[in-house]
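Participant: The following comprises the amino acid sequence and a computationally predicted model.
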Amino acid sequence: MEDRLRQALDERRHPYTLCLTEEPGHAEDLARLARSQAVERIMVVGGDGTLHEAVNGLLEPEASAPIPPVVLLPVGTGNDFHRMLDYHGSVSGAMDLLENGRTVEFDVGCARWDGRSRYFVNLFGVGVDVEVLRRRTTYKRLPGGLQYLAALTSALVAFRPIPLRVELMGHEDEEVEVIEGPGLLGAVTVGPSVGGGILLCPGATPRDDRLDLCFVRSMGPWAIARNLPKVLRGRHAGASEIQLRRARKMRIQASDDRSLDFEMDGELGPFRAQAIELESRPRCLPVVLNGTDGAEGEPEVP
C-alpha cells in the first residue's frame, strides 16, 4: 500500500509528506502536528481505529490552527465510517478526492468520564460489544462483517447481561428519558452501521446533531436467534427486546454502580468508568467527499 500510494501521489504531482505510525496513539500525534503546520488536507490510511486516533489529534481543543479536511483511504477491518461516504475506497479514488473533492462537516461524538474525554467518529459501546472485540482476533482471517458476526456469536454464549441505565437528553427544557434494565448491548453511534456493515442504528446520519442509541435487553437463545437476522439487515425497529433512540446527550452507567468496560470505534478503552457522558458535537469534522468544494446547496450524504 505504501509504494502504491507514493507512486500515485508522485504521478499526479501532489506535494506531500508521508508519515508512518510506529505504535498505538502515534496517529493522534501525527494529526496534531499536521494541524499545527496548517496543512491543506490530511489523508488517513487505515480503518476506524486509525481514524479515531487521527480525529482526536485534529480536534485538540487548545489548537488554534484551522482543522484540515480529512481524506480517508480505508484499509481497516470494518471501515464503517467509510460506509457513510460516497466514493470508492481505492488509491485512485483517494487521489480524485485530493483534486476534486468537496468538504462536508460531519458530527462526532464526545465521551467524558472521570475528568477525561475522547471523541469517537462512529461508535461507543458497552456490554457484549466489548467482549466481541476481545474475541475478534480469534477470527482475524475472516472479512470484516463475518469476523464481527463470528466473534458476536461466540461472545453471546458466555456473556452475562449488565444492569444498565441510560439517560437521554435533548434541549435543556426537554424531559429526560430513562431506559433501564439488564442489557446485552448499549451502543451509541454517529452513523448507521457497525462491525463491517451491520445496520445497528439504520436511521443514523452524521449530520443531524444527534447520537443514536441501540439498547438490546437481555434475551434468551431463541429470542437472539429470532432478532439477529433482523439486526443484520437493519429491520429490528419495533422489536420488543430492542430500543432505538436519538438524542443530543446521553449518560450510561450500571444500575448497581459497577465500573464499565467500553469501546470506541472498534478499540477497547484503556480505562473503566462508573458513568460515561456522551454528547454530539455537531459538524466539527471536515471530511472530503466526491464533488467540488463550495458547491451550492446542501451536499447529499448517505
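Facilitator: That came through fine.

Participant: in what helix or strand does the residue nearest to residue 224 when sequence neighbours are not counted lie?
Facilitator: Excluding the flanking residues, the one nearest residue 224 by Cβ to Cβ, 6 or more residues apart in numbering is residue 156, at 6.2 Å. Where C-beta positions appear, they are placed from N, C-alpha and C, glycine not excepted. Using DSSP states H and E, residue 156 falls within helix 144-158.

Participant: List the strands paired with the next helix or strand after that helix, with their directions.
Facilitator: Downstream of helix 144-158, the first helix or strand assigned by DSSP H and E is strand 162-169. Sheet pairing of strand 162-169 (DSSP bridges) gives strand 177-189 (antiparallel), strand 249-254 (antiparallel).

Participant: what comes up buried for strand 162-169?
Facilitator: 162, 164-169 (16 or more other Cβ atoms under 10 Å).

Participant: try stretch 242-259
Facilitator: Here stretch 242-259 shows 242-254 as buried, counting by 16+ other Cβ under 10 Å.

Participant: Distance to residue 58 added to the strands paired with strand 162-169, as CSV?
Facilitator: Output for the strands paired with strand 162-169, formatted as CSV (distance: least, Cβ to Cβ, whole Å):
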stretch, distance to residue 58
strand 177-189, 20
strand 249-254, 23
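
Participant: Distance check, the spatially most central residue of the chain against residue 56.
Facilitator: Of all residues in the chain, the one closest to the mean position by Cα atoms, centre = their mean is residue 122, 1.9 Å from it. According to Cβ to Cβ, to the nearest Å, residue 122 and residue 56 sit 13 Å apart.

Participant: and if you look at residue 258?
Facilitator: Taking Cβ to Cβ as the measure, residue 258 falls 27 Å from residue 56.

Participant: ok, now residue 263?
Facilitator: Where residue 56 is concerned, residue 263 sits at a distance of 15 Å (Cβ to Cβ).

Participant: Kindly report the same for residue 186.
Facilitator: 22 Å.

Participant: for residue 278, same thing?
Facilitator: 15 Å.

Participant: same deal with residue 1?
Facilitator: Remark: distance between residue 1 and residue 56 (Cβ to Cβ) = 23 Å.

Participant: Break the protein down into its domains, please.
Facilitator: 2-107+284-289, 116-282 (automatic domain parsing).

Participant: Please convert those to TSV, extending it with mean pLDDT.
Facilitator: Shown next, in TSV, are these (pLDDT from 0 to 100):
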stretch	mean pLDDT
domain 2-107+284-289	93
domain 116-282	92
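
Participant: For the stretch 151-300 of the chain, just list every one of the strands.
Facilitator: Using DSSP state E, counting those that start in this stretch, the strands of the stretch 151-300 of the chain run over residues 162-169, 177-189, 211-217, 242-247, 249-254, 263-264, 267-268, 275-289.

Participant: Quick one: list the elements packing against the fourth one.
Facilitator: In this case it means strand 242-247. Packing partners of strand 242-247 (3 or more Cβ pairs under 8 Å, 6 or more residues apart in numbering; DSSP states H and E): strand 162-169, strand 177-189, strand 211-217.

Participant: Give me the sheet partners of the last one and which way each runs.
Facilitator: On the basis of DSSP bridges, the sheet neighbours of strand 211-217 come out as strand 177-189 (antiparallel), strand 242-247 (antiparallel).

Participant: Let me have those strands in JSON lines, extended by distance to residue 207.
Facilitator: Output for those, formatted as JSON lines (distance: least, Cβ to Cβ, whole Å):
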{"stretch": "strand 177-189", "distance to residue 207": "14"}
{"stretch": "strand 242-247", "distance to residue 207": "13"}
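
Participant: Can you tell me who residue 246 pairs with across the strands?
Facilitator: Beta-bridge pairing for residue 246 (DSSP bridges): residue 212.

Participant: May I have stretch 278-287 exported as PDB, CA atoms only?
Facilitator: C-alpha atoms of stretch 278-287 as PDB (Å, rounded to 0.1, in the frame of the first residue of the first chain):
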ATOM      1  CA  LEU A 278     -21.900  11.300  25.700                       C
ATOM      2  CA  GLU A 279     -22.700  14.300  23.600                       C
ATOM      3  CA  SER A 280     -23.000  15.100  19.900                       C
ATOM      4  CA  ARG A 281     -20.500  17.600  18.600                       C
ATOM      5  CA  PRO A 282     -22.300  19.000  15.500                       C
ATOM      6  CA  ARG A 283     -20.500  19.400  12.200                       C
ATOM      7  CA  CYS A 284     -17.000  19.900  13.700                       C
ATOM      8  CA  LEU A 285     -15.100  17.400  11.500                       C
ATOM      9  CA  PRO A 286     -14.400  18.400   7.900                       C
ATOM     10  CA  VAL A 287     -14.400  15.400   5.600                       C
END
